[in-house]
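> Take this sequence and fold it.
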Amino acid sequence: DGHGEGDVPSDAPKMSQDPFETLGISEAGSTAADVTKAYRKLAIKWHPDKNQQSAQSVAMMQMINAARTKCLSALQGDG
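Numbers count the residues shown, from 1 in each chain. Next comes the predicted model:
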């Protein structure tokens, strides 16, 4: 029917104001390595090449990439 709402896994990251929450980690005590590890885990799962280039997977990768960038900036004191 083209709605596609049932295709969203329950463990899909939620777009959050908190980029750490988007990656599924806590800002408190997190390191750049923790951010990278969480990012890679999500990127492997959501990469468009693994998901038939679906619009959802492309959007998820954009969200995950943005969250990673924000997290790393915050940890470096730039954000």
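
> thought His47 was touching Ser54?
No - applying Cβ atoms under 8 Å as the test, His47 and Ser54 come out as separate, 10.8 Å apart. Placement of C-beta: from N, CA and C, glycine included.

> In CSV, list the C-alpha atoms belonging to the helix or strand where Met63 lies.
Using DSSP states H and E, Met63 sits in helix 55-75. Output of helix 55-75 as CSV, limited to C-alpha atoms (Å, rounded to 0.1, in the frame of the first residue of the first chain):
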residue,chain,number,x,y,z
ALA,A,55,14.8,6.6,1.6
GLN,A,56,14.5,5.7,5.3
SER,A,57,18.1,4.4,5.4
VAL,A,58,19.4,7.5,3.7
ALA,A,59,17.6,9.7,6.2
MET,A,60,18.9,7.6,9.1
MET,A,61,22.5,7.8,7.9
GLN,A,62,22.2,11.6,7.6
MET,A,63,20.8,11.8,11.1
ILE,A,64,23.5,9.4,12.5
ASN,A,65,26.3,11.4,10.7
ALA,A,66,24.9,14.7,12.1
ALA,A,67,24.7,13.3,15.6
ARG,A,68,28.3,12.0,15.4
THR,A,69,29.6,15.3,14.3
LYS,A,70,27.7,17.1,17.1
CYS,A,71,28.9,14.6,19.7
LEU,A,72,32.5,14.9,18.7
SER,A,73,32.3,18.7,18.7
ALA,A,74,30.8,18.7,22.1
LEU,A,75,33.5,16.4,23.5
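
> Next, the buried residues of it.
For helix 55-75, a neighbour-count test (16 or more other Cβ atoms under 10 Å) marks 57, 60-61, 63-64, 67-68, 70-72, 74-75 as buried.

> Let me see the contact set for the residue nearest the centre of the chain.
With distances taken as Cα atoms, centre = their mean, the residue of the chain nearest its centroid is Ile64 (2.7 Å). When contacts are counted by Cβ atoms under 8 Å, 6 or more residues apart in numbering, Ile64 touches 13, 22-23, 39, 42-43, 46.
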